[in-house]
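# Quick one: sequence plus predicted model below, questions after.
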Amino acid sequence: MPLSPQELADRSEIMDTLIRYADAIDTKQFDRLADVFTPDARVDYTSSGGIAGEYPEIRRWLEVALTPFRHYLHALANTTFRIEGDTAHTRTYFLNPMAYPLEDGSDHTFTVYGYYVDRLVRTPAGWRIAERREDQGMMVGTLPEGFQIPS
């Protein structure tokens, strides 16, 4: 069944929101996450050892948790959509290679693979994530020895 012009526009705008998340994280511009999440968004990163909470707490946690890494990259892939008026449900594959600096100057690398399961809402400023759950599928490699994910 062909998609309506509105659904095509909504899908495009939703993908822009998902990409803004990845870009804000990967460029370490955490303040830009305010253009991704609703102010009261619920976010759950517990499947990968993180925390669950509301956006302000999550935003602070992301900066603390990711600052020790030299590099990381979020690549988004397949996204499924269910759009019902001003609410959308998506499931997006991601892969996230990460590099942690070691004392000898080399990097300890590992890659996290999984899914972002999101509920987005249309706001006057555009689509925003109101709920996000990260479902870690697998990790290739290990966390650096002695590294503790902040809680």
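Good, I have the coordinates. Residues are numbered from 1 along each chain as shown.
# just checking, what packs against the longest strand anywhere in the chain?
When the chain is scanned for its longest strand (criterion: DSSP state E), the result is strand 107-123. Helices and strands touching strand 107-123, by 3 or more Cβ pairs under 8 Å, 6 or more residues apart in numbering; DSSP states H and E, are helix 5-26, strand 87-101, strand 126-140. No exception for glycine: its C-beta is placed from N, CA and C like everyone else's.
# For these, give me TSV that also has mean neighbour count, mean pLDDT and distance to Phe81.
Output for those, formatted as TSV (neighbours: other Cβ atoms under 10 Å; pLDDT from 0 to 100; distance: least, Cβ to Cβ, whole Å):
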stretch	mean neighbour count	mean pLDDT	distance to Phe81
helix 5-26	16	97	6
strand 87-101	18	97	6
strand 126-140	17	97	11
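# The ones you listed: which one's closest to Asp44?
strand 126-140 (4.5 Å; Cβ to Cβ).
# about what we covered before: for the longest strand of the chain, give the mean pLDDT please.
The pLDDT scores in strand 107-123 average 98.
# got the angle for that strand vs strand 87-101?
For strand 107-123 against strand 87-101, the angle by axes from the mean of the first three to the mean of the last three Cα atoms, to 10 degrees is 160 degrees.
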